[in-house]
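# no letters, just coordinates:
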Ligand code: DC
């Protein structure tokens, strides 16, 4: 893959389990490099939210057709630095983080027709390069040709602590962290054991254990790797 085929820069794929710091890292790396950020989980969340709002029974999600998915009217609207998720033209950025969506999203993400339906939109976002995409199957399925793939991991309890802090939770007691860690591990299991595009590390991914890293250190590490792989910003300057 030569740089010329990607006028806006390289593609960086960040995968890993829930709470490993992918999304915040991806967003910050994109800012640093002047790239766009694709949070692929947000697309699965928006479909889940739309289906729940439409009153479609989760037991029927496996049978959703492409036409039905079209009718849910879910879009990722490209912005300056990322994508805004809309349902029926309404910005649902806050709604897709609700506990109700957290509880159901792994089930939706396991449906092969849903994953296929989304694939064109996800791939389209990388057409010009200059993209930092995070998810579970970015380096393995969505952009197997990405110039840089990183697989982020962290201890389950550290991931749970981060998730709780992100949600503004005041109670960070050991007991509460343990309950949240079990919940995250339950989701990881669903995401890893499903038949369609399960969570797994690409063979050519760089593994980064973020348990003892600050966000800034994670970002630095990936920006350095991006530089090594030709990740120059569109203006020609390395971030
Ligand atoms: O990263 P997240 O918590 O926003 O992801 C939400 C769900 O979507 C999670 O169950 C995993 C799934 N997902 C996926 O299957 N493939 C992706 N590329 C991104 C997310």
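Here it is on my side, so go on. Just so it is clear, the structure is predicted and the values come from calculations on it, not from any experiment. Residues are numbered from 1 along each chain as shown.
# going by C-alpha atoms from here, please, whenever you check contacts or count neighbours.
Will do.
# for the ligand, what are the nearby residues on this structure?
Contact residues, the chain versus the ligand (Cα under 6 Å from any ligand atom): 18, 40-42, 44-45, 105-106, 109, 135-138, 191.
# among those, which lie within helices?
40, 41, 42, 44, 45, 105, 106, 109, 191 (DSSP state H).
# shaky segments in the protein?
For the chain, the stretches with pLDDT under 70 are 1-4, 233-239.
# beta partners of the residue nearest the centre of it?
What sits nearest the mean C-alpha location of the chain, by Cα atoms, centre = their mean, is residue 135, with 3.0 Å. In this entry, residue 135 is beta-bridged to residue 15, by DSSP bridges.
# got a list of what it touches?
Counting by Cα atoms under 8 Å, 6 or more residues apart in numbering, residue 135 makes contact with 14, 15, 16, 22, 39, 40, 41.
# swap the cut-off to 7 Å and go again
By Cα atoms under 7 Å, 6 or more residues apart in numbering, the contact set of residue 135 is 14, 15, 16, 39, 40, 41.
# which of the residues you listed lies closest to the ligand?
residue 41 (3.6 Å; Cα to the nearest ligand atom).
# and the closest one, how far from residue 178?
According to Cα to Cα, to the nearest Å, residue 41 and residue 178 sit 24 Å apart.
# same check, this time on residue 81
35 Å.
# for residue 34, same thing?
38 Å.
# comparing these two, which shows the higher neighbour count?
More neighbours surround residue 34 than the other of residue 34 and residue 178, with 22 against 17 (other Cα atoms under 10 Å).
# what is the burial count for the closest residue to residue 61 other than its chain neighbours?
Spatial nearest neighbour of residue 61, excluding adjacent residues (Cα to Cα, 6 or more residues apart in numbering): residue 108 at 6.7 Å. By the criterion of other Cα under 10 Å, residue 108 has 21 neighbours.
# what does residue 185 give?
Neighbour number of residue 185 under other Cα under 10 Å is 18.
# does anything pack onto the helix or strand harbouring it? Which helices or strands?
In this assignment (DSSP states H and E), residue 185 forms part of helix 174-193. Packing contacts for helix 174-193, counted by 3 or more Cα pairs under 7 Å, 6 or more residues apart in numbering; DSSP states H and E, involve helix 99-109, helix 156-166.
# does anything pack onto the last one? Which helices or strands?
Using 3+ Cα pairs under 7 Å, 6+ apart as the contact criterion, the secondary-structure elements in contact with helix 156-166 are helix 174-193.
# can you point out the buried residues in the helix it packs on?
Using 16 or more other Cα atoms under 10 Å as the test for burial, helix 174-193 gives 177, 178, 180, 181, 184, 185, 187, 188, 190, 191, 192.
# skipping its backbone neighbours, what lies nearest residue 31 in space?
Excluding its sequence neighbours, the residue lying closest to residue 31 (Cα to Cα, 6+ apart) is residue 81, at 7.4 Å.
# that neighbour reaches residue 33, doesn't it?
No - taking contacts as Cα atoms under 7 Å, residue 81 lies outside contact range of residue 33: 10.7 Å.
# out of these two, which sits in the busier spot?
Neighbour tally, residue 81 and residue 33, criterion other Cα under 10 Å: the higher count belongs to residue 33, 23 against 15.
# circling back: quick one, which of the helices and strands packed on helix 174-193 is packed in tightest?
Greatest average neighbour count among the helices and strands packed on helix 174-193 goes to helix 156-166 (a mean of 19), per mean count of other Cα atoms under 10 Å.
# check the offset of that helix from the chain's centre.
17 Å (Cα atoms, centre = their mean, to the nearest Å).
# before we move on, what about stretch 167-187?
20 Å.
# go on, stretch 94-110?
Taking Cα atoms, centre = their mean, the mean C-alpha location of stretch 94-110 is offset from the chain mean by 13 Å.
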